[in-house]
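sequence plus predicted model, see below.
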Amino acid sequence: MIAGDAVRMLPATPALRKGHAMAAETPFSIPDFRFYWTARLASTIGQVSMVVVIGWQAYDTARHIGMGVKEASFQLGLIGAVQFLPLFLLTLVTGWTADKLDRRFIARATISLEIFCAAALGWLSWTDQITLPAIFAIAALLGVARAFAQPALQALAPNLVPLEILPKAIATSSLAWQAGAIVGPAAGGYLYAVGPEMPYFVAGGLFVISLTCMFLIGPKPRTAIRGSRNPWRQMIDGIRYVRHNRLVLGAISLDLFAVLLGGATAMLPVYARDIFHADSTALGNLRAAPAIGAALTALWFSARPLERNVGVKMLTAVGVFGAATIAFGLSRSMPLSLLCLAILGSADMLSVYVRQSLIQLYTPDAMRGRVGAVSTLFISASNELGEAESGFLAALIGPVTAVIAGGVAAIGVTLIWARWFPELRHARTFEVPETLAVPKEA
């Protein structure tokens, strides 16, 4: 299951050397991981609450200036597009910086940029100067922050724990994200009802907490980049590694196409406002439902990691994701829709848990930033670009039909990937490999 042009041993870091002695530990027994987890929780609450309000404000502003449902849905597509574009353009650079520079410094810089974005949107909302161009511009800046933050944070996490408990750490870290994704939408909706500026000011405070925790994480040793000293060739190595490792390529691309085609969350403002005829608090509940299902799943795996047939279970989960998307699209009952979204979130979390564990375990530390950047590009393509696709498709055929068609497509992708990438079906366990593949010098 290890692919590549050459195979080399990963030099042992202190965390790896102590791995067997620390195998019985939990991630929370490590102080730096606790700071990392708290930083992720605080920033996620802030990020998700802002995303909910940005989507609501963009759609609501478009409707208030006279756009119809389809035209306003198109604006949601544009929001996804402007967040994805920085990720697409900066992928090679962000991955290389995560492997070349101190990953803690990158995280601190990106959180600082998010503080600025929250303050700017809060001020514009407070002074009643919010406009669609302003929303698009700040959404693009948030895309830049995420482009640099995700590879650095993904690569930093394995430096904080021994590899033997990395799957538990991934589930525990995902729990922070999902807990934030539960609190964030509801907080954003309720705070927006108090005042449109409130979600942004609260998010800014949460980002300050996150930044403080990142400053408390001590220095961590990293494996130096090997091979060519040419920065451009070093950047390309991440893409080459993913291309040659079919297990990593299959796992990443499965998520890309399944969520790209099956993303229903972009249409939630439409469902809240024009199908359920509700307000921003209902939108918060709809956005929180997938996170509740995902959080319960992450909590389970943080205590009881998967041990057998991990690849087949990942494929099954993506199929369930598609089926739940179809059921949500057909539903006209708020309780049933919330249940469908919770199942959708649970299935997605299982898929994410398996994918991230396989990618982290089968990628050398010296390449985790660059491989993480490629993974982030694929994930963001499935999220932000998926939102754009959903918005544009909804403008053509209507939001309900777009959601149902996306669920059918996600199931189809799962069946195709199970055949095209048998490595996924054959992935049995999270056994830590003794050797890690890296591309040899071109």
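Looks like it arrived, so ask away. Numbering: from 1, shown residues only.

does residue 128 sit in a helix, a strand or a coil?
Using DSSP: H, G, I helix; E, B strand; the rest coil, the secondary structure recorded for residue 128 is coil.

repeat that for residue 220.
coil.

help me confirm that it comes into contact with residue 159.
Yes: the pair residue 220 / residue 159 is scored as a contact, 4.2 Å apart, by CB atoms under 8 Å. Glycine gets a C-beta too; all of them are placed from N, C-alpha and C.

hey, what's in contact with both of these two?
residue 103 (CB atoms under 8 Å, 6 or more residues apart in numbering).

the two: which is more packed in?
A direct count of neighbours by other CB atoms under 10 Å for residue 220 and residue 159 places residue 159 higher, at 23 against 16.

where's the more buried one, which helix or strand?
helix 132-160 (DSSP states H and E).

how many residues are close by the residue lying closest to residue 423 once chain neighbours are set aside?
With sequence-adjacent residues excluded and distances taken as CB to CB, 6 or more residues apart in numbering, residue 423 is closest to residue 247, at 4.5 Å. Residues near residue 247, counting by other CB under 10 Å, number 19.

quick check, residue 247 in a helix?
Yes: under three-state DSSP, residue 247 falls within a helix.

so residue 404 touches residue 324, yeah?
No: in this structure, residue 404 is not within contact of residue 324 by CB under 8 Å, at 11.8 Å.

so which of these two has more stuff around it?
residue 324 (26 against 19).

next up, identify which helix or strand the more buried one is on.
With DSSP H and E as criterion, residue 324 is part of helix 310-330.

what angle do the helix or strand following that helix and helix 132-160 make?
Downstream of helix 310-330, the next assigned helix or strand under DSSP H and E is helix 334-361. With axes from the mean of the first three to the mean of the last three CA atoms, to 10 degrees applied, the angle from helix 334-361 to helix 132-160 works out at 50 degrees.

buried sites along helix 334-361?
Across helix 334-361, burial judged by 16 or more other CB atoms under 10 Å covers 334, 337-361.

equivalent analysis for stretch 405-419, please.
405, 406, 407, 408, 409, 410, 411, 412, 413, 414, 417, 418.

tell me the pLDDT of the second one.
In the predicted model, residue 406 carries a pLDDT score of 85.

now do it against residue 204, distance only.
Note on residue 406: its distance to residue 204, by CB to CB, to the nearest Å, is 34 Å.

secondary structure element for residue 255?
Assigned by DSSP H and E, residue 255 falls in helix 246-262.

also residue 268?
Per DSSP H and E: residue 268 is located in helix 268-270.

list the contacts of that helix.
With CB under 8 Å, 6+ apart, helix 268-270 has contacts from 55-56, 59-60, 69, 72-73, 76, 283, 286-287, 394, 399.

quick one, strands of this structure?
Along the chain, counting by DSSP state E, strands occupy 6-8, 436-438.

rank those strands by pLDDT, which is bottom?
Across these, strand 6-8 gives the lowest mean pLDDT, at a mean of 29.

now residue 206: closest residue in space that isn't a chain neighbour?
Nearest to residue 206 is residue 46, by CB to CB, 6+ apart, at 3.8 Å.

and of the buried residues of stretch 405-419, the nearest to residue 318?
residue 414 (4.6 Å; CB to CB).

gap between the closest one and residue 364?
In terms of CB to CB, residue 414 sits 29 Å off from residue 364.

so what does residue 30 have for phi and psi?
phi -100, psi 120 (degrees, to the nearest 10).

same deal with residue 304?
phi -130, psi 80.

for it, give me its contacts.
Per CB under 8 Å, 6+ apart, neighbours of residue 304: none.

ok, residue 109 next?
residue 148.

please apply the same query to residue 168.
So residue 168 contacts 26, 27, 301, 302, 305 (CB under 8 Å, 6+ apart).

between those residues, which is nearest residue 314?
Of the contacts of residue 168, the one sitting nearest to residue 314 (CB to CB) turns out to be residue 301, at 12.3 Å.

contacting residues for the residue nearest to the closest one when sequence neighbours are not counted?
Among residues not flanking residue 301 along the chain, residue 171 sits closest, at 4.0 Å (CB to CB, 6+ apart). By CB under 8 Å, 6+ apart, residue 171 lies in contact with 298, 301, 302, 305, 353.

ok, residue 43 next?
So residue 43 contacts 111, 114, 180, 206, 207, 210 (CB under 8 Å, 6+ apart).

ok, the first one touching residue 152?
No: applying CB under 8 Å, one finds residue 111 not in contact with residue 152, separated by 10.8 Å.

who has more neighbours, the two?
Set residue 111 next to residue 152 and count neighbours by other CB under 10 Å: residue 152 wins out with 28 against 25.

who are the contact partners of the more buried one?
So residue 152 contacts 94, 97, 98, 103, 106, 107, 110, 369, 372 (CB under 8 Å, 6+ apart).

want to try CSV for those, with distance to residue 191 and pLDDT as columns?
Shown next, in CSV, are these (distance: CB to CB, whole Å; pLDDT from 0 to 100):
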residue, distance to residue 191, pLDDT
94, 31, 83
97, 34, 86
98, 33, 81
103, 32, 88
106, 29, 93
107, 25, 93
110, 23, 95
369, 35, 76
372, 32, 71
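
would TSV of the residues you listed with neighbour count and distance to residue 197 be doable?
TSV is the format used below for those (neighbours: other CB atoms under 10 Å; distance: CB to CB, whole Å):
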residue	neighbour count	distance to residue 197
94	28	31
97	23	33
98	31	34
103	27	33
106	23	29
107	27	26
110	25	23
369	27	36
372	29	34
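
out of the residues you listed, who's nearest residue 318?
residue 372 (20.9 Å).

burial count for residue 210?
Counted with other CB under 10 Å, residue 210 comes out at 25.

next one: it from residue 402, what distance?
From residue 210 to residue 402 the distance is 35 Å (CB to CB).

now the helix ranked longest in the chain: buried residues?
For the chain, the helix that runs over the most residues, judged by DSSP state H, is helix 31-64. Neighbour-count burial for helix 31-64 flags 32-63 (criterion: 16+ other CB under 10 Å).

just the buried ones among the contacts of residue 168, please.
The buried subset of these - by 16+ other CB under 10 Å - is 27, 301, 302, 305.
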